[in-house]
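Asks: One predicted model, sequence on top.
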Amino acid sequence: MRQELTLAGNRALLTRANPLSKFAAVVFMTVVLALSIDWVSASVALVCELLLFPLAGLTLTLLWQRGWPLILAAAVGGWSTSILAPDSGKTLLDVGIWSMSEGSLELGLGFMLRGLAIALPAVLLMSCTDPTDLADALAQKARLSHRFVLGTLAAMRLVGLMAEEWQTIGMARRARGVGSRGNPLQRLKATLGQSFGLLVQAIRRASRLAVTMEARGFGGGDRTWARESTYSRLDVWVLAGGALMAAAAVAAAMWAGTWSFVGG
Amino acid sequence: MPAAHDRPASAAVRPAAVTARGWGWRHAGRSRPAVRALDLDIRPGERVLLLGPSGAGKSTLLHALAGVLGDVNDDGEAGDSDESGSLLIDGASPRERRGRAGLMQQDPETQVVLSRVGDDVAFGAENLAVPRDEIWTRVHEALDDVGLAHLPLDHPTSALSGGQKQRLALAGILAMRPGLILLDEPTANLDPIGVLEVRDAVGRCLDKTGATLVVVEHRVSVWKDLVDRIVVLQPGSAADPAVLLDGPPDQVLAEARAMLIAAGVWVPGFVPATRNRTSSGTGDLLLAAEDLAVSRERPRRRRFKTVPPVPVQQDISAQVRAGQALTVTGPNGAGKSTFALTLAGLLAPVEGNVSATVDLSRGAGIDPCKWKAEQLIARIGTVFQEPEHQFVTGNVLDELMFGPRHVGHGEERVDELLERLRLTELVDANPYTLSGGEKRRLSVATVLAAHPQVLVLDEPTFGQDANTWAELASFLSELLDAGTAVVSVTHDAEFSAVLGGAELRLGTTEAVAP
């Protein structure tokens, strides 16, 4: 689990771009896709995004491991839209109250593609952005408070430790006679107890980490940055790429005549 | 003595002086002060070992010198703390001397701040607003000084061993170029190799920089040859001075030997007296492991087939017999704890099997991993390395009654255990508020309350003072004579000598990083 969330060994081109420009490019795409519910703009965006995979060092297997909940949600959303949306055109399926027509299928497909096209850029961003680099960019370029940014970054490292701690506490409690089997109520009770144990450990760890950070001079006024967060020519390409993909999606939908403003 | 150390003039580090005059500190929410009326002078470049019984305020003094004592105590409660007298570094309050002192604490996990080695070392220097180029010069130098220069700067900190994490923390402190290095039981959580790694790295850095050192640690032999001076503190009372003894190591150890031994300090050349084994046990087989491969990971489902995890150790065979001890030894990362947890029915084996004989299973089935929790604790008891992981109630008495209530018998044994492990006075206390030694004694008592025939202990003596150590070893030797089987994972050769029995040595499957 932990290995899947880190970037170890990822040397792809986009890892070298500034996290903020990547973020801006993602925002372009997301905003445009949120404006319309047609399937043309969504599929153009989706195809562009899939073409970007190699640049972010992402493969379809990795995508499935990291993003399966999103993909599943998009598929379920699309399916339910296509059977529940008002029918129009030829009816393709009719089972009692559930019916699927050409019109509702189109809507459902658009819904699913759009969900995927909006979720994918976020997965792309995460898979080629190191959290430390993101923190550097947020503090140095976006001028967010360094106390907040670095505090969050240090806390995130503890979250990884908590997964191991959860397993250990579970075993330690079984060794005390707390069963995690039985009826749902007993299981809920056991899980709540284990969560409390984890919470206590997390607070203790966090307070010790806070002492460590304070003892290393954290929390004072001015600080320097060992790693300078910089923009390069690559960032211009990232921004231009994001804008271009967004524009291409809109243009294709306009040309095909499927563009429809949400609520418009 | 300090002048005798060969110290090349390192322009960047100016050793710090410490002065305490009538200094006292009361933590918020406590009625008794942690330190009362302390008078102490430490000259620049001196190396001081602080000793004393628990409650003497050693850690409080170190935290104050590091400038991190505040209105929030260890439990996160805010409130009014109380300071009296003065405590100064180079004539100014530690809070105004940010970066003059660097502190290392006990738990290696919380000594690491960032996820890449180079960034973590740079963190302190960044906070002190050191210019960028200078930071990286310092990072390389510091990593070299602590013997971690072979690691790439983007090496993940999560992949380091405990001893390496503590050396990394030392590098982070060195990069701040502090005049005062404060170590709060820096090696209590480490195995013997890790202890020496850290101790030697500290020695090299002090020789190089000439910085002042204050170290708190109850294993004296580790630090004795590295320090010039030992200061023994005693718990504050209005009549007694806070400093009980102060002088060169040999002199203090000679004068205060009896007192230090009584206080549970590990004095060099002293092994606490323990009970001798009187029987060698019936030797009835209770539990057997055959060709076991172990891992903490669970099997994964990938593309419609189940992929077993990569084992940390394999081909382990062992037998656990009534009244006999089995000691599991081996280097870090050899899978000792994982093996013990598998043997104890808490983890499923990757390959091979663990089987209980009829004498142990008493109708519960052959595989301990499939037993219900209440069946397990009446047969195999496991004491984890960190006692806090096993606390499930709000006070000591409930904690002890928990096992017997679930098993349905044995409540009458609780009083005897309370008495035997000196917990009677503490029945109403919250387990989390106990001292380290008390927590250890409680964790052993709670597991024994369910009357298991096999007891499995993971590093039971880590970080324990000599008194708790001797009590624990004697108590376990009694249990063994009474017919309980004891399996312990330990690096402690003296402890396994007391228990006797067989040794199972696990090797590493891959080379250990230096």
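Replies: Cool, got the structure.

Asks: Please make it C-alpha for all contacts and neighbour counts, starting now.
Replies: Noted.

Asks: Which residues of chain A lie near chain B?
Replies: Within chain A, the positions near chain B by Cα under 8 Å from any Cα of the partner chain are A:132, A:153-154, A:157, A:168-169, A:171-179, A:193, A:197, A:204-209, A:211-220, A:222-227.

Asks: Weed out the non-buried ones from the residues you listed.
Replies: A:132, A:153-154, A:157, A:168-169, A:171-179, A:193, A:197, A:204-209, A:211-219, A:223-227 (16 or more other Cα atoms under 10 Å in any protein chain shown).

Asks: which of the residues in stretch A:154-170 are buried?
Replies: For stretch A:154-170, the neighbour count (16+ other Cα under 10 Å) marks A:154-155, A:157-158, A:162, A:165-166, A:168-170 as buried.

Asks: need those in JSON lines with distance to residue A:13, secondary structure and pLDDT, can you?
Replies: Converted to JSON lines, the buried residues of stretch A:154-170 look like this (distance: Cα to Cα, whole Å; DSSP: H, G, I helix; E, B strand; the rest coil; pLDDT from 0 to 100):
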{"residue": "A:154", "distance to residue A:13": "27", "secondary structure": "helix", "pLDDT": "90"}
{"residue": "A:155", "distance to residue A:13": "28", "secondary structure": "helix", "pLDDT": "87"}
{"residue": "A:157", "distance to residue A:13": "25", "secondary structure": "helix", "pLDDT": "83"}
{"residue": "A:158", "distance to residue A:13": "29", "secondary structure": "helix", "pLDDT": "84"}
{"residue": "A:162", "distance to residue A:13": "32", "secondary structure": "helix", "pLDDT": "86"}
{"residue": "A:165", "distance to residue A:13": "35", "secondary structure": "helix", "pLDDT": "88"}
{"residue": "A:166", "distance to residue A:13": "36", "secondary structure": "helix", "pLDDT": "90"}
{"residue": "A:168", "distance to residue A:13": "39", "secondary structure": "helix", "pLDDT": "91"}
{"residue": "A:169", "distance to residue A:13": "41", "secondary structure": "helix", "pLDDT": "92"}
{"residue": "A:170", "distance to residue A:13": "42", "secondary structure": "helix", "pLDDT": "91"}
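
Asks: Ranking helices and strands of the chain by mean pLDDT, which lands last?
Replies: I'll assume chain A. Least confident helix or strand, chain A: helix A:2-5 with a mean of 42, by mean pLDDT, DSSP states H and E.

Asks: Sorry, I should have been clearer: chain B.
Replies: Of chain B's SSEs (mean pLDDT, DSSP H and E), minimum confidence goes to strand B:300-302, a mean of 67.

Asks: Skip the chain neighbours and tell me the closest residue to residue 219.
Replies: Unless you meant another one, I'm taking chain A. Using Cα to Cα, 6 or more residues apart in numbering or on different chains and skipping the chain neighbours, the partner closest in space to residue A:219 is residue A:147 (6.3 Å).

Asks: not quite, I wanted chain B
Replies: Spatial nearest neighbour of residue B:219, excluding adjacent residues (Cα to Cα, 6+ apart): residue B:266 at 4.8 Å.

Asks: Does that neighbour touch residue B:223 like I think?
Replies: No: using Cα atoms under 8 Å, residue B:266 makes no contact with residue B:223, being 11.2 Å away.

Asks: What's the local residue count around residue A:147?
Replies: Counted by other Cα atoms under 10 Å in any protein chain shown, the residues lying close to residue A:147 total 14.

Asks: what about the stretch 151-264 of chain A, any weak spots by pLDDT?
Replies: For the stretch 151-264 of chain A, the stretches flagged by pLDDT under 70 are A:180-182, A:262-264.

Asks: Spell out the residue ranges of the helices in it.
Replies: A:184-215, A:233-256 (DSSP state H, counting those that start in this stretch).

Asks: Select, out of the ones you listed, the one closest to residue B:478.
Replies: When the helices of the stretch 151-264 of chain A are compared by Cα to Cα, helix A:184-215 sits nearest residue B:478, at 32.2 Å.

Asks: ok, the nearest residue to residue B:383 once chain neighbours are set aside to chain A distance?
Replies: Nearest non-adjacent residue to residue B:383, counting by Cα to Cα, 6+ apart: residue B:457, 4.8 Å away. Plainly put, residue B:457 is 11 Å away from chain A if you go by Cα to the nearest Cα, to the nearest Å.

Asks: you'd agree residue B:457 is in a strand?
Replies: Yes: per DSSP: H, G, I helix; E, B strand; the rest coil, residue B:457 lies within a strand segment.

Asks: What count of nearby residues applies to it?
Replies: Residues lying near residue B:457 (other Cα under 10 Å) number 22.

Asks: residues contacting it?
Replies: B:382-385, B:486-489 (Cα atoms under 8 Å, 6 or more residues apart in numbering or on different chains).

Asks: out of the residues you listed, who has the most neighbours?
Replies: Neighbour max across the contacts of residue B:457 (other Cα under 10 Å) = residue B:382, 32 neighbours.

Asks: Show me what it is bridged to.
Replies: residue B:456 (DSSP bridges).

Asks: Quickly note the distance from it to residue B:439.
Replies: Taking Cα to Cα, to the nearest Å as the measure, residue B:382 falls 15 Å from residue B:439.

Asks: Residue A:76 now?
Replies: 51 Å.

Asks: So for these two, which sits in the more crowded spot?
Replies: Each of residue A:76 and residue B:439 has its neighbours counted (other Cα under 10 Å); residue B:439 has more, 20 against 14.

Asks: quick one, strands of chain A?
Replies: Applying DSSP state E to chain A gives strands spanning A:91-95, A:98-101.
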